[in-house]
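Sequence first, then the predicted structure, then my questions.
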Amino acid sequence: MNDPGPRTGLTPAELQELFLFEALDDKQLRWLSERGRVETRPGGSPVYSEGEAATCFFVLLSGTVSIGRRVHGDDVEFNRTDQRGVYAGATQAYMGDRVDQVYPNTLEAVTDVELFLLPADEFSYAVRTWFPMALHLLEGLFFGTRASNTIIGERERLVALGSLTAGLTHELNNPAAAAVRATDTLRDRVTKMRHKLALIADGRVDGTQLHRLVEMQDAAVQRATNAPKLTAIESSDAEDEVADWLEDHEVARPWDIAPVLVAGGIDPDWLADATENLGDENRQAAVGWLTYTVDTELLMSEIEDAVSRISGLVDAARQYSQLDRSAQQPVDVHELLDATLVMLQAKIPSGVRVVKEFDRTLPPVPAYGAELNQVWTNLIDNALGAMDGSGTLTITTWREGERLFIEVRDTGPGIPADVRPRIFEPFFTTKPVGEGTGLGLDISYRIVVNKHHGDIRVDSRPGDTRFRVCLPITPPSDDDSPPPEDVGSTGTEPASG
């Protein structure tokens, strides 16, 4: 701290003119007069800087000061005043070693200023001795607020987890229900195919025809496996052609059979070639056999697809939670982003288009995977809320030197300029009452900056809001280990009483 040395003090009468000390008795005023001093600071110089050891309590006597903090790389001024008697500095000295005794902000002299200084330990003694009841109230308020903030922060995480779990359950239910339906239908088809074996057991199908049927069956399975995807109009036209062929060849229920055959990639030409040597008397049975074969193959493919989707969702949930990973290890941010998008799939409106502009050549970064996923969740959820059901969500990754960047961009209305400096503050939210706790971006900021030694910034204008996260590619040294988390402390103090 810039310290030109003591100059003079204030008399008890002069101290009593300050609103902070006006209710003190003569003995207390004399005590302050003996222990405090007056100093001046030239305009444009810091009185104290954020993060320095808090050694003094300051009261403004004349001039203009500003108070601010460094917020994600930018110096942000919170207040500017020339009111005589406003105070700042070691305002939490009375807490002793129960809190970190550092200046939580920066106080700067805008003009030449004159200040009354009281050493932090003297200020602590005065508060604890003269105002014991107020001290208990202040301590209760401080630690109670911090405890409640911690509980609310955990509640925020649980609410987010509950929302994601509900979405995951919904996503799992669809393929699971599809697999159950397909299995039930497949059981019925296999039963009917077993009944067809009676034709062979009765000798009504000779060996040559049986061999031909088996060849047809193998060819139909191969064709169904490689069947092209058709549009609704293409499928309708193809079904009409197959149904007409079946009807012309006196095959029963042509309009029930045609959709199955078309789904398996079978057309009239293939049917004509496959049944050419069977004769009219066996065509009905042969087509029925083929239909059951194709239907069975399609059902098995449907079950395989459903199970693969379930497996993919479970893998995404595992990737999202990072339950099988150590606390910190190299991670691929793209895997984390993909897993987060899967977990949020149920919350993405049909009117929102998701664009991924990933540089897949980026190296892994040392990180706490589960906590970074919480950052992506907060940023994407906020972007979806801002777009209100329609727009484009773009997620971009790139590298600059030894830093990796992840940007979440939305086409919502933007963040007003007067709101932007406060969006990372705890409990600040623009959402309606009951819809947000205001902790999402605060938690994200602390995860990125405090825990990963990175940076998070926002740039916003109507139709283009971008949250940009920067992470170091090289792990920090042991000397740069992150400070302990303090959910309850905002790190800000008022510049006036």
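Yes, it's here. Numbers count the residues shown, from 1 in each chain.

Helix or strand: which one has the residue nearest in space to the middle of the chain?
Nearest to the geometric centre of the chain sits residue 377, at 1.2 Å (CA atoms, centre = their mean). Assigned by DSSP states H and E, residue 377 belongs to helix 369-387.

For that helix, the averaged confidence score.
Taken as a whole, helix 369-387 carries a mean pLDDT of 87.

list the helices and strands that helix packs on?
helix 132-201, helix 280-321, strand 329-331, helix 333-343, strand 390-400, strand 403-410, helix 440-445, strand 464-472 (3 or more CB pairs under 8 Å, 6 or more residues apart in numbering; DSSP states H and E). (Glycine included, C-beta is placed from N, CA and C.)

Out of these, which gets the lowest mean score?
When I compare the helices and strands packed on helix 369-387, helix 132-201 is least confident, with a mean of 68.

Could you figure out how far the helix holding residue 377 is turned away from strand 464-472?
If you take axes from the mean of the first three to the mean of the last three CA atoms, to 10 degrees, helix 369-387 sits at 170 degrees to strand 464-472.

What number of residues are in the vicinity of the nearest residue to residue 82 once chain neighbours are set aside?
Using CB to CB, 6 or more residues apart in numbering and skipping residues adjacent in sequence, the residue nearest residue 82 is residue 64, 4.2 Å away. Neighbourhood size, residue 64 [other CB atoms under 10 Å]: 16.

is it true that residue 64 touches residue 80?
Yes: using CB atoms under 8 Å, residue 64 is in contact with residue 80, at 6.7 Å.

can you list residues touching both of these two?
residue 110 (CB atoms under 8 Å, 6 or more residues apart in numbering).

From residue 359, how far out is the residue nearest to the centre of the chain?
Separation of residue 377 from residue 359 (CB to CB, to the nearest Å) stands at 22 Å.

same thing with residue 420?
For residue 420, the distance to residue 359 (CB to CB) stands at 28 Å.

Could you do residue 286 as well?
Per CB to CB, residue 286 is found 55 Å from residue 359.

more crowded one of these two?
More crowded of residue 286 and residue 359, by other CB under 10 Å: residue 286, with 21 against 13.

Verify the stated contact: residue 392 with residue 355.
Yes: with contact defined as CB under 8 Å, residue 392 and residue 355 form a contacting pair (6.1 Å).

Which of those two has more residues huddled nearby?
Neighbour count, other CB under 10 Å: between residue 392 and residue 355, residue 392 has more, with 15 against 10.

beta partners for that one?
Under DSSP bridges, the beta-bridge partners of residue 392 are residue 353.

give me every residue that touches it.
So residue 392 contacts 352-355, 410-411 (CB under 8 Å, 6+ apart).

Kindly report the same for residue 51.
Residue 51 neighbours (CB under 8 Å, 6+ apart): 102-103.

Which element, helix or strand, includes it?
With DSSP H and E as criterion, residue 51 is part of no helix or strand.

got a pLDDT number for it?
Per-residue pLDDT puts residue 51 at 86.

Going forward, count from 703.
In the new numbering, first residue 703, that becomes residue 753.

any idea how far residue 804 is from it?
Going from residue 753 to residue 804 by CB to CB gives 6 Å.

so which strand or helix has residue 778?
strand 776-783.

what lines up beside that strand in the sheet?
Strand 776-783 is paired, per DSSP bridges, with strand 767-773 (antiparallel).

who's in contact with the partner strand?
With contact meaning CB under 8 Å, 6+ apart, strand 767-773 is reached by 749, 752, 777-784, 788, 790, 806-812, 815, 1123, 1126, 1193-1195, 1197.

where exactly do the helices run in the stretch 703-852 of the chain?
Taking DSSP state H, counting those that start in this stretch as the test, the helices found in the stretch 703-852 of the chain are 714-718, 728-737, 822-832, 834-903.

So for the second one, mean pLDDT?
Put plainly, it is helix 728-737. The model assigns helix 728-737 a mean pLDDT of 92.

just the third one next, same as before
Taken as a whole, helix 822-832 carries a mean pLDDT of 88.

quick check: angle from that helix to helix 728-737?
Going by the same axes, to 10 degrees, helix 822-832 makes 170 degrees with helix 728-737.

got the contact list for helix 822-832?
Contacts for helix 822-832 (CB under 8 Å, 6+ apart): 726, 730, 733-734, 737-738, 756-759, 791-792, 795-796, 798, 803, 820, 836-837.

please redo it, this time with the cut-off set to 6 Å
Helix 822-832 is contacted by residues 737, 756-757, 759, 792, 795-796, 837 when judged by CB atoms under 6 Å, 6 or more residues apart in numbering.

likewise the first one?
Contacts of helix 714-718 from elsewhere in the structure, counted by CB under 6 Å, 6+ apart, are 723-724, 731-732, 734-735.

Just name the closest of those to residue 999, please.
residue 723 (89.5 Å; CB to CB).

residues contacting the closest one?
So residue 723 contacts residue 717 (CB under 6 Å, 6+ apart).

got the buried residues for stretch 952-959?
The neighbour-count check on stretch 952-959 (16 or more other CB atoms under 10 Å) flags 953, 956, 959 as buried.

Name all residues that make contact with the closest residue in space to residue 947 that isn't next to it in sequence.
Using CB to CB, 6+ apart and skipping the chain neighbours, the partner closest in space to residue 947 is residue 970 (3.9 Å). By CB under 6 Å, 6+ apart, the contact set of residue 970 is 943-944, 947.
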